[in-house]
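Visitor: structure for the following, please:
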Amino acid sequence: PAKGAVRLWTHEAFASGAEVVSYFRWRQAPFAQEQMHEGLLQPNSEPNEAYYEVAKVKAELESLNTIITPSKSRIALVFDYESAWAWNIQPHGSDFSYSQLVQTFYSALRRLGLSIDIVPADQHMLQDRDLIIIPGLFSFKPDFIRFLEKTNSIVLAGPRTGTKTSNFHIENNKDYNLFSVFGFSVKRTESLRPGTEINIEDIGSFIHWREILECSSSLQPILISQDGFPALVNNNNIFYLTGWPTEQLANYVLEYLLMKLNIKPVTLPENLRIRDNGDKRYFFNYGDTPLNIKHLIDGS
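Guide: Okay, here's the model as predicted:
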């Protein structure tokens, strides 16, 4: 790890609500197949470099003179292990990765200075959120659909959300499924070959994957692709993005939704990230040069 990285990771884990940080490993093994994994101690039990970093974190945590407790974020990002397994079985494209799709939205939210909770597709974990993001969720259980029908949260879904049943069948129950909530159905899908981009109103592009929707006449697209198909649509508080966005497009869509929630994003310099926990705000510099954050602290 880079110099100071263990210290940074430890502080960010606690700032994100971790109760314990446990290191792999305490002491480097002098034998067997894992003997090349470093530890806080060397094989002879002498302190290694990370030992002193952890000791520094201990002193810094004690100096805070406070108890860090988990706090619930206003924004939830859904990560579903069954979806990861399913799309790994049927990616329909050599460069499609569910984890990377979720990472696209995660990175965009962090670039905007937001703290988020990563949660499963469980309606109980999504109660009392302002913004819920569910990209690529493979299939939906009926109780989750009922939750979406009733929630007052703004929801951003897509792409590839709810397009299959749990048995890998194309969802075609027109009477009661995810699309009865959205007011549209997916008519056609395209797995985009590596390097192909579909421009979205010169504010970004779709890569890897896009969908063609069949919408009701009452739905007016918010964004349209260069070839004339809806790129972002909504039905009341439910929004659907019909493709995998580039970094630029992901930023635009999220800023659009945050504006509706009166949540002001923070323009962060490269390598700087923020975590909020209770009444404390933490700044983490992932770069190798110091940053001046005075304007972010005093709000100027």
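
Visitor: just the CA atoms of stretch 24-38, as PDB, please.
Guide: Below are the C-alpha coordinates for stretch 24-38, written out as PDB (Å, rounded to 0.1, in the frame of the first residue of the first chain):
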ATOM      1  CA  PHE A  24      -5.100  -9.100   7.700                       C
ATOM      2  CA  ARG A  25      -2.800 -10.000   9.100                       C
ATOM      3  CA  TRP A  26      -1.400  -9.400  12.600                       C
ATOM      4  CA  ARG A  27       1.900 -11.100  11.900                       C
ATOM      5  CA  GLN A  28       3.400 -12.300   8.600                       C
ATOM      6  CA  ALA A  29       3.600 -16.100   8.600                       C
ATOM      7  CA  PRO A  30       7.100 -17.500   8.200                       C
ATOM      8  CA  PHE A  31       5.900 -20.600   6.500                       C
ATOM      9  CA  ALA A  32       3.300 -22.200   4.100                       C
ATOM     10  CA  GLN A  33       1.500 -20.700   1.100                       C
ATOM     11  CA  GLU A  34       0.600 -17.300   2.700                       C
ATOM     12  CA  GLN A  35       4.000 -16.400   4.000                       C
ATOM     13  CA  MET A  36       4.300 -13.500   1.500                       C
ATOM     14  CA  HIS A  37       1.300 -11.700   2.900                       C
ATOM     15  CA  GLU A  38       2.600  -8.800   4.900                       C
END
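
Visitor: in it, what's buried?
Guide: Across stretch 24-38, burial judged by 16 or more other C-beta atoms under 10 Å covers 27-28. Placement of C-beta: from N, CA and C, glycine included.

Visitor: could you do stretch 127-140 as well?
Guide: 129-140.

Visitor: just the ones of those residues in strands?
Guide: Under the assignment DSSP state E, the buried residues of stretch 127-140 contribute 131-134 to strands.

Visitor: could you point out where this structure is predicted with low confidence?
Guide: 66-68, 173-179, 299-300 (pLDDT under 70).

Visitor: all strands for it, in order.
Guide: 75-78, 117-119, 131-134, 154-157, 184-191, 198-199, 205-215, 223-224, 230-235, 238-241, 243-245, 272-277, 280-285.

Visitor: hey, which of those strands is tucked in deepest?
Guide: strand 243-245 (a mean of 28; mean count of other C-beta atoms under 10 Å).

Visitor: spatially central, which residue of this structure would that be?
Guide: The centre of the chain sits closest to Tyr106, judged by C-alpha atoms, centre = their mean, with a distance of 2.7 Å.
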